[in-house]
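[1] Build me a model:
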Amino acid sequence: MQHAHGGGCCGGSSMKVIDPNVRALIESQIRENPILLYMKGTQQFPVCGFSARVVQVLKHYGVEYASVNILENPEIRATLPLIANWPTFPQLYVKGELIGGCDIVMEMHEAGELQEVLDRASK
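    Residues are numbered from 1 along each chain as shown. Predicted coordinates for the structure are as follows:
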């Protein structure tokens, strides 16, 4: 099973400055929400096929989760990939850990591994 492990700073050779207020906001969102999806659009109206697929999978499991529409939050959209060292959206977090994007979530779902990860959020 592969998980994306976020952490660290920018990674790579890019030296972008991260706004400490935006970093604090993101860290607070991840800490305060057991399951959190950074996505394009909303749970009711995803505006990207990848975000829509992850929303459908989460609906399948019947879990409650928070979401952040990165299209309405350009500062989060620009900063989160630098913090997480994960360049694309959506990004699913469970108990503070970056699980991954659409491909990883779908692989875990199809392999029967996602339920166990989602169950961690309620413990």
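[2] So what touches stretch 31-40?
    Taking contacts as C-beta atoms under 8 Å, 6 or more residues apart in numbering, the residues outside stretch 31-40 that touch it are 29-30, 43, 46-48, 50-51, 54-55, 58, 63-71, 76, 80, 89-96, 118, 121-122. Just so you know, the C-beta spots here come from the backbone N, C-alpha and C atoms, and that holds for glycine as well.
[3] buried subset of those residues?
    29-30, 46, 48, 50-51, 54-55, 58, 63, 65, 67-70, 76, 80, 89-95, 118, 121 (16 or more other C-beta atoms under 10 Å).
[4] For this structure, which residues score under the pLDDT cut-off?
    Confidence mapping of the chain against pLDDT under 70 gives the ranges 1-15.
[5] For Glu97, name its beta-bridge partners.
    Counting by DSSP bridges, Glu97 is bridged to Val94.
[6] can you pull out the strands in this structure?
    Here the chain has its strands, by DSSP state E, at 35-39, 66-69, 91-94, 97-100.
[7] how far is the second one from where the chain is centred?
    When you say that, I think you mean strand 66-69. Distance of strand 66-69 from the chain centroid (C-alpha atoms, centre = their mean, to the nearest Å) equals 9 Å.
[8] Fine by me, thanks again.
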